[in-house]
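**Q** return atomic coordinates for the entry below.
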Amino acid sequence: METSFDEMIGLQSSQMNKKMLRFLNRSLEWYEITLEQWVVLSTLAEQESINQKTLSSKTGKDPTSLLRILDILERKGFIERRQFQGDRRASSLFITAEGKSLRNEVAPFIEEHFKKITADISEQDIEIYEQVLEKIDHNLDKLMDEQRI
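**A** Have a look, this model is predicted:
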């Protein structure tokens, strides 16, 4: 029986993604941060003073999920919101010194874990994997745009 694309790509990608998320979330427990929180914190560290809409776009998080994550990161003292002068509804997001310290500590830790995850995989295979993911992402963007018509 021939393997379907659904099983070969859809199911396998989904299962691998869930496994990687479980592994990384368990690894980050020591830092008392989740992978979702890490992605937001790391993105904010790269570009401070952005609004929630821009951060949502950069992280791929829907606005409601992002708001929940930002509330947690703010409570932990890793980020702060500063309101724009003259507009109480709009604010910019900034990473705090404590947030920067955490990022500087966690970034090499995460990088090391990805080296372990990709152990015994050649650079060429990693490049091919990245190219395939980019093509799938591009195809999905086109399909999603077609649905909006």
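
**Q** please parse the protein into its domains.
**A** Domain assignment for the chain, taken from automatic domain parsing, gives 5-117, 122-149.

**Q** pick the most deeply packed of the ones you listed.
**A** domain 5-117 (a mean of 14; mean count of other C-beta atoms under 10 Å). In this view, the C-beta of every residue, glycine as well, is placed from N, C-alpha and C.

**Q** by mean pLDDT, point me to the weakest helix or strand of this structure.
**A** strand 87-95 (a mean of 78; mean pLDDT, DSSP states H and E).

**Q** what does the average pLDDT come to for the host helix or strand of Leu70?
**A** Here Leu70, judged by DSSP states H and E, is contained in helix 63-75. Across helix 63-75, the average pLDDT comes to 95.

**Q** and the strand or helix carrying Leu143, what does it pack onto?
**A** In this assignment (DSSP H and E), Leu143 forms part of helix 123-148. Contact here means 3 or more C-beta pairs under 8 Å, 6 or more residues apart in numbering; DSSP states H and E; on that basis helix 123-148 packs against no helix or strand.

**Q** avg pLDDT for that helix?
**A** The model assigns helix 123-148 a mean pLDDT of 94.

**Q** and Phe5, what pLDDT?
**A** 83.

**Q** ok, now Ile9?
**A** 88.

**Q** and the closest residue to it other than its chain neighbours, how far from Arg81?
**A** Nearest residue to Ile9, sequence neighbours excluded (C-beta to C-beta, 6 or more residues apart in numbering): Ile136, at 7.8 Å. Distance of Ile136 to Arg81, given as C-beta to C-beta, to the nearest Å: 35 Å.

**Q** ditto for Gln12
**A** 40 Å.

**Q** how about Asn17?
**A** Asn17 is 31 Å from Arg81, by C-beta to C-beta.
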